[in-house]
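>>> Give me a model of this one.
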Amino acid sequence: MASLVKRAHDPYEHLIKILLLGNSGVGKTQILLRYSENNFRTGYMCTIGVDFKIKKLQVDDRVVKMQIWDTAGQEKYQTLTQNFYKGAMGILLVFAVNNRDSLKDIDKWMNQIKQHASENIIKILIGNKIDLQDRSITTEEAQQLATKYGIQYFETSAKDGINVNEAFLQIAKLILHQHQDSLNPNPKQRLTNHQNEIKIDSSCC
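I've put the predicted structure just below:
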């Protein structure tokens, strides 16, 4: 199980690793660009292997540093992509709402996650390109798939910036909530826990 990392002297409390997965051409790179730089580039952007960006965000009362890996969707790069599952705590599974094959292949990506990622890794399904007129996948269809896997579903437009920030914020929240037991308690809480342990030990002897 991956653990949240707190580093002294750094202006953030926790570091989490996120992967963007999905077929080539669904807009993973554009989603990352919109989120990290609030930018959008026209034209097709093909990721060669992997790329990553860093983004800090506020989650409740914590400062989180998010390391986001944009992975290539082409078959020839997937062996390389598998190496980056190690240490990942969250995955955004992306399909395009105008590309039915990209939705069908979510099952394939889920199988790959099952083989290579941590068993309890957080996953969110994203239907991208809702700004396009040639949409062929309904919200209901996508939601059914998300329900099948027990994960949340967001519809996004990297071009218009719709729901991109919300999706990343939600996966960060889910990760922090899942790992809250591994977070270092404050000194006062540590002292209380230590005192409780002493009481328990003395009573059992």
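
>>> Now do the helices in the chain.
Ranges of helices in the chain, per DSSP state H, are 28-37, 78-82, 100-104, 106-116, 139-149, 164-178, 187-203.

>>> Distance check, Leu20 against Asp61.
Look at Leu20 and Asp61: by CB to CB, to the nearest Å, they are 27 Å apart. The C-beta positions use only the backbone N, C-alpha and C, and glycine is treated the same way.

>>> Name the residue in these two with the higher neighbour count.
Leu20 (25 against 6; other CB atoms under 10 Å).

>>> these two touch, right, the more buried one and Met66?
No - the criterion here is CB atoms under 8 Å, and Leu20 misses it with Met66 at 11.6 Å.

>>> then stretch 142-160 to PDB, C-alphas only?
What follows is stretch 142-160 as a C-alpha-only set of coordinates in PDB (Å, rounded to 0.1, in the frame of the first residue of the first chain):
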ATOM      1  CA  ALA A 142     -21.000   6.000 -18.800                       C
ATOM      2  CA  GLN A 143     -22.500   6.100 -15.400                       C
ATOM      3  CA  GLN A 144     -23.600   2.400 -15.700                       C
ATOM      4  CA  LEU A 145     -19.900   1.500 -16.400                       C
ATOM      5  CA  ALA A 146     -18.800   3.600 -13.400                       C
ATOM      6  CA  THR A 147     -21.400   1.900 -11.200                       C
ATOM      7  CA  LYS A 148     -20.200  -1.500 -12.500                       C
ATOM      8  CA  TYR A 149     -16.700  -0.800 -11.100                       C
ATOM      9  CA  GLY A 150     -17.900   1.100  -8.000                       C
ATOM     10  CA  ILE A 151     -16.200   4.300  -9.000                       C
ATOM     11  CA  GLN A 152     -17.300   8.000  -9.500                       C
ATOM     12  CA  TYR A 153     -17.900   9.500 -12.900                       C
ATOM     13  CA  PHE A 154     -17.100  13.000 -14.200                       C
ATOM     14  CA  GLU A 155     -17.800  14.500 -17.600                       C
ATOM     15  CA  THR A 156     -15.200  17.000 -18.700                       C
ATOM     16  CA  SER A 157     -14.200  19.400 -21.400                       C
ATOM     17  CA  ALA A 158     -10.500  20.100 -21.500                       C
ATOM     18  CA  LYS A 159     -11.200  22.700 -24.100                       C
ATOM     19  CA  ASP A 160     -13.700  24.700 -22.000                       C
END
